[in-house]
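Peer 1: Turn this into a model:
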Amino acid sequence: MKKFLGLVIALVLGITSVTTFFLQTTPVSAQSFDEADNYFLEFVLSDTTFQGEIDFTHTPLYDDQLNVNGREYNFTVGNVGGYALMTQFYGNGNVFYEIEELFYNKVSPFAGCNGLPIYITHNVYLEYKDQGFYNLTSGALVDGQTLLEYKTQGFNYFGGATSSFTEVQDTVNFATKNTDEYSIEYDLPDLGATSGSSCANVAGAVVVVYYDRFYQNLIPDYDPCFTFAGLLFYKEDATALEVVTELSQLMLIGEPHAGTTFTEFQYGMQTYVERQGYTYTSNSVLSNGSLNFNAYKNAVENDIPVALFLTNFAMMDGTVADNGVDTIYSKYCPVSHVVVGCGYRVDTYYNANNSVIQTNRYLKVACGLTTYGIGYLNINSRTTISKAISIQIN
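Peer 2: This is a model prediction of the structure:
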């Protein structure tokens, strides 16, 4: 944070050694920014590739008790406008901030809100007026039970349930096709949840067990792998699952609740890794608010797993080819989830003139679901990635 504050001060004063961005906002000094503003600016500066001045305004967001629980930021970077929705929560005696969504060239879903903007879970935008809660997307009055469900979901990542899956299909007409695939050698551990744990805890354990191959004190007195017929396989035993349980405890910040937030994931992972005597480092592979596929590709090709935080998602079941038509079958789940990427598949489709007509990308992931195990995340449609970080332990 101090490093970022120094950057903010340099930008405000116009120091010539800083040339990438020039910050201009209504406040006249860096001291006018509060902690939430600094978090927002750090996030945007690390995310965007756009050039120019940054201007922003913010207004409060509210919870179901009509208490302030975050901010809506409307901003421009150079000539490009966008919005961000930030939440705040308390834990371990501290205030934590999270950017839940950020988009460029889009108008905030709260732009047409005339009452109080209510933001209590992913992808749901409410307005409080006339002593009632209304869905800004549909205009419908939200009943008490639905409001409670939204509140319970919060901004936690729970884990997709197979009972929530629905089948979806996509088709591509083509003349020829090329497929490019890559995976970290031996993939990743295929772990599942334990009692009381969430998908984020499982994802964290997948990363820890993977790195225990190289740094054996991450899990003391444990060998995470065995070999068979000259190949290496990860164990899915009680010791590996104990890591899931331990991380579920470390990631719980503040009042007990179901699921795990992104901040809690980061806090628990860093706590666990540093306690074992190692260093935990994560880097966003988002750019301009969306997955930077090249950054993701570079990470996994360098044997660095990538944690993907999803507010909804689709897992690919397979592709059926029939006389120049590919039918891609997937299962869609509207529930938030966390998976760990270890590879990719790219299908490039061409027409009869050998021109590219479509490119489909899939991420190979340890998904923590028994139905798929190590499978392919369909990111071409119906998958929303809110955060994605490459993770290194050394």
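
Peer 1: switch to C-alpha atoms for all contacts and neighbour counts from now on
Peer 2: OK.

Peer 1: Other residues contacting stretch 330-337?
Peer 2: If you take CA atoms under 8 Å, 6 or more residues apart in numbering as the criterion, stretch 330-337 is touched by 156-162, 164-169, 199-200, 309-318, 378, 382.

Peer 1: Give me the PyMOL select line for these, limited to the buried ones.
Peer 2: Buried residues within those, by 16 or more other CA atoms under 10 Å, are selected in PyMOL with:
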select buried, resi 156+157+158+159+160+165+199+200+309+310+311+312+313+314+315+316+317+378+382
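
Peer 1: Just the ones of the contacts of stretch 330-337 in helices?
Peer 2: 199-200 (DSSP state H).

Peer 1: Quick check: strands, which of the contacts of stretch 330-337 are part of them?
Peer 2: With DSSP state E as the criterion, strands contain 166-169, 309-318, 378 from among those.

Peer 1: Tell me the one of the residues you listed nearest E264?
Peer 2: F309 (12.5 Å; CA to CA).

Peer 1: Contact partners for that closest one?
Peer 2: Residues near F309 by CA under 8 Å, 6+ apart: 157, 262, 336-339, 385-388.

Peer 1: do you know how far it is from Y222?
Peer 2: Separation of F309 from Y222 (CA to CA, to the nearest Å): 29 Å.

Peer 1: What of F228?
Peer 2: As judged by CA to CA, F228 and Y222 stand 18 Å apart.

Peer 1: quick revisit: among the contacts of F309, which one has the most neighbours?
Peer 2: Neighbour counts for the contacts of F309 peak at V338, which has 32 neighbours (criterion: other CA atoms under 10 Å).

Peer 1: Next one, pLDDT for the nearest residue to L286 once chain neighbours are set aside please.
Peer 2: Distances taken as CA to CA, 6 or more residues apart in numbering put N292 closest to L286, at 5.0 Å, once the chain neighbours are dropped. N292 carries a pLDDT value of 96.

Peer 1: My read is that N292 contacts N298, right?
Peer 2: No: between N292 and N298 there is no contact under CA atoms under 8 Å: 10.0 Å.

Peer 1: Domain map for the chain?
Peer 2: Using automatic domain parsing, the domain parsing of the chain gives 2-153, 162-393.

Peer 1: Buried residues, the helix or strand harbouring D180. List them.
Peer 2: Assigned by DSSP states H and E, D180 belongs to strand 176-183. The neighbour-count check on strand 176-183 (16+ other CA under 10 Å) flags 176-177, 182-183 as buried.

Peer 1: Reformat those residues as a markdown table; add pLDDT and distance to T327.
Peer 2: Shown next, in a markdown table, are the buried residues of strand 176-183 (pLDDT from 0 to 100; distance: CA to CA, whole Å):
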| residue | pLDDT | distance to T327 |
| --- | --- | --- |
| T176 | 97 | 14 |
| K177 | 97 | 13 |
| Y182 | 98 | 22 |
| S183 | 98 | 24 |
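
Peer 1: Y280 against I393, yeah?
Peer 2: Yes: taking CA under 8 Å as the definition, Y280 is a contact partner of I393 at 4.9 Å.

Peer 1: ok, back up a step: can you pull the residues that touch both of N292 and N298?
Peer 2: Contact criterion CA under 8 Å, 6+ apart; residues shared by N292 and N298: none found.

Peer 1: ok, residues contacting the strand holding D180?
Peer 2: The contact list for strand 176-183, computed with CA under 8 Å, 6+ apart, reads 300-301, 324, 342-352, 354, 364.

Peer 1: List the strands paired with that strand, with their directions.
Peer 2: Applying DSSP bridges, strand 176-183 is found paired with strand 337-350 (antiparallel).

Peer 1: V208 belongs to a helix?
Peer 2: Yes: assignment of V208 by DSSP: H, G, I helix; E, B strand; the rest coil places it within a helix.

Peer 1: Ignoring the adjacent residues along the chain, who's closest to it?
Peer 2: Take V208 and drop its neighbours on the chain: the residue closest to it by CA to CA, 6+ apart is L218, 7.0 Å away.

Peer 1: likewise Y349?
Peer 2: In space, Y349 comes closest to K177 once its chain neighbours are excluded; the distance is 4.6 Å by CA to CA, 6+ apart.

Peer 1: quick one on the thing from earlier: between F228 and Y222, point out the one with more neighbours.
Peer 2: Y222 (14 against 7).

Peer 1: List the residues that contact the more buried one.
Peer 2: 216, 239.

Peer 1: any idea how far Y234 is from it?
Peer 2: Following CA to CA, the distance that separates Y222 from Y234 is 12 Å.

Peer 1: The contacts of F309 into a markdown table, with extra columns for distance to G93?
Peer 2: Output for those, formatted as a markdown table (distance: CA to CA, whole Å):
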| residue | distance to G93 |
| --- | --- |
| Y157 | 22 |
| F262 | 18 |
| S336 | 27 |
| H337 | 27 |
| V338 | 26 |
| V339 | 29 |
| I385 | 29 |
| S386 | 26 |
| K387 | 25 |
| A388 | 27 |
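
Peer 1: quick one: which of those is nearest to I253?
Peer 2: Comparing the contacts of F309 against I253 with CA to CA places F262 closest, at 11.3 Å.

Peer 1: Next one: the closest one, what pLDDT does it get?
Peer 2: pLDDT, F262: 95.

Peer 1: Run a quick neighbour tally on D47.
Peer 2: D47 is flanked by 17 other residues according to other CA under 10 Å.

Peer 1: ugh, typo on my part, it should be F96
Peer 2: 16.

Peer 1: what's across from it in the sheet?
Peer 2: Taking DSSP bridges as the rule, F96 bridges to F89.

Peer 1: Looks like it contacts N69 (just checking).
Peer 2: No: using CA under 8 Å, F96 is not in contact with N69; the gap is 10.9 Å.

Peer 1: can you list residues touching both of these two?
Peer 2: 88-89.

Peer 1: how far away is N217 from Y157?
Peer 2: 29 Å.
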